[in-house]
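Peer 1: I would like the atomic coordinates for the input below:
(chains A and B)
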Amino acid sequence: GAVVSQHPSRVICKSGTSVKIECRSLDFQATTMFWYRQFPKKSLMLMATSNEGSKATYEQGVEKDKFLINHASLTLSTLTVTSAHPEDSSFYICSAPLGYEQYFGPGTRLTVT
Amino acid sequence: AQSVTQLDSHVSVSEGTPVLLRCNYSSSYSPSLFWYVQHPNKGLQLLLKYTSAATLVKGINGFEAEFKKSETSFHLTKPSAHMSDAAEYFCVVSAPSGTYKYIFGTGTRLKVLA
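Peer 2: The predicted model follows:
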């Protein structure tokens, strides 16, 4: 079956630093990937659509200069949280579509101290 | 525009009793609908999906859901709850074909009492 991986699974960083999260489709190609953010005990909020070969599309209210997305290849998208602050602490999940279904990564827990 | 509403934020059942998690959707065309489960600090696992085939959809772990167009509902059921079913459940509707976007419901936390 289709598998999507994320790395790292957990990261702690200091306030003001940047952190990069990788999302890979392991056995299929994805020209589009999605990044979600999940607050504690809340639903998933779509942040942006990552497009291979072009700029990402951000949802309303998401700061594109803070959450940099790069779709480097047909199997890799990265999310960089720049100048992280404690309020950026969250669970970040990516997904990639295959057919009409999306396959989700296991998530990355970001803690900013 | 599409939307999905999960009517209960929390549901508690006793082990061995039936489970009903309610979901209503709004869509201007025939949607694809999904139920996902998320255990604490874990990723999402697909339980089942409806994509315009049979209206009664069977999923993993004994779960099933029925698509009712007249009621715009896609409720999730299980005849007998197990302790391991305790988790967060999300109802999802897909966006127009070609965009692949998912729209998530707010989630229902299922608690199973011994």
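Peer 1: What is the neighbour count of the nearest residue to A:Q102 once chain neighbours are set aside?
Peer 2: Spatial nearest neighbour of A:Q102, excluding adjacent residues (Cβ to Cβ, 6 or more residues apart in numbering or on different chains): A:S95 at 4.3 Å. (C-beta placed from N, C-alpha, C; glycine too.) Neighbour count for A:S95, taken as other Cβ atoms under 10 Å in any protein chain shown: 25.
Peer 1: Report the contact partners of A:S95.
Peer 2: Going by Cβ atoms under 8 Å, 6 or more residues apart in numbering or on different chains, A:S95 touches A:V4, A:M33, A:F34, A:Y36, A:Q102, A:Y103, A:F104, A:G105, B:Y102.
Peer 1: For those residues, pick the one with the most neighbours.
Peer 2: Counting by other Cβ under 10 Å, top hit in these: A:M33 with 31 neighbours.
Peer 1: Name the secondary structure element that contains that one.
Peer 2: strand A:32-38 (DSSP states H and E).
Peer 1: wait, does that strand contact chain B?
Peer 2: Yes - shown here: strand A:32-38 in contact with chain B (Cβ under 8 Å from any Cβ of the partner chain) through A:T32, A:F34.
Peer 1: Can you name every helix or strand that that strand contacts?
Peer 2: Using 3 or more Cβ pairs under 8 Å, 6 or more residues apart in numbering or on different chains; DSSP states H and E, the elements in contact with strand A:32-38 are strand A:19-25, strand A:44-51, strand A:67-73, strand A:76-81, strand A:90-98.
Peer 1: Next, the buried residues of the last one.
Peer 2: By neighbour count on 16 or more other Cβ atoms under 10 Å in any protein chain shown, the buried set for strand A:90-98 is A:S90, A:F91, A:Y92, A:I93, A:C94, A:S95, A:A96, A:P97, A:L98.
Peer 1: what's the closest of the contacts of A:S95 to A:A72?
Peer 2: Using Cβ to Cβ, A:M33 is the member of these that lies nearest A:A72, at 10.8 Å.
Peer 1: these two touch, right, that closest one and A:L46?
Peer 2: No - the pair A:M33 / A:L46 is not scored as a contact, 11.6 Å apart, by Cβ atoms under 8 Å.
Peer 1: Kindly report the residues of chain A close to chain B.
Peer 2: For chain A, the contact set with chain B under Cβ under 8 Å from any Cβ comprises A:32, A:34, A:41-46, A:49, A:93, A:95, A:97, A:100-102, A:104-107, A:109.
Peer 1: 6 Å - rerun?
Peer 2: Chain A comes close to chain B at residues A:S43, A:L44, A:P97, A:Y100, A:Q102, A:F104, A:P106, A:G107, as judged by Cβ under 6 Å from any Cβ of the partner chain.
Peer 1: How many neighbouring residues does the fourth one have?
Peer 2: Looking back up the chat, that one is A:Y100. 14.
Peer 1: contacting residues for the residue lying closest to it once chain neighbours are set aside?
Peer 2: Nearest non-adjacent residue to A:Y100, counting by Cβ to Cβ, 6+ apart: B:S32, 5.7 Å away. Going by Cβ atoms under 6 Å, 6 or more residues apart in numbering or on different chains, B:S32 touches A:Y100, B:T51, B:S94.
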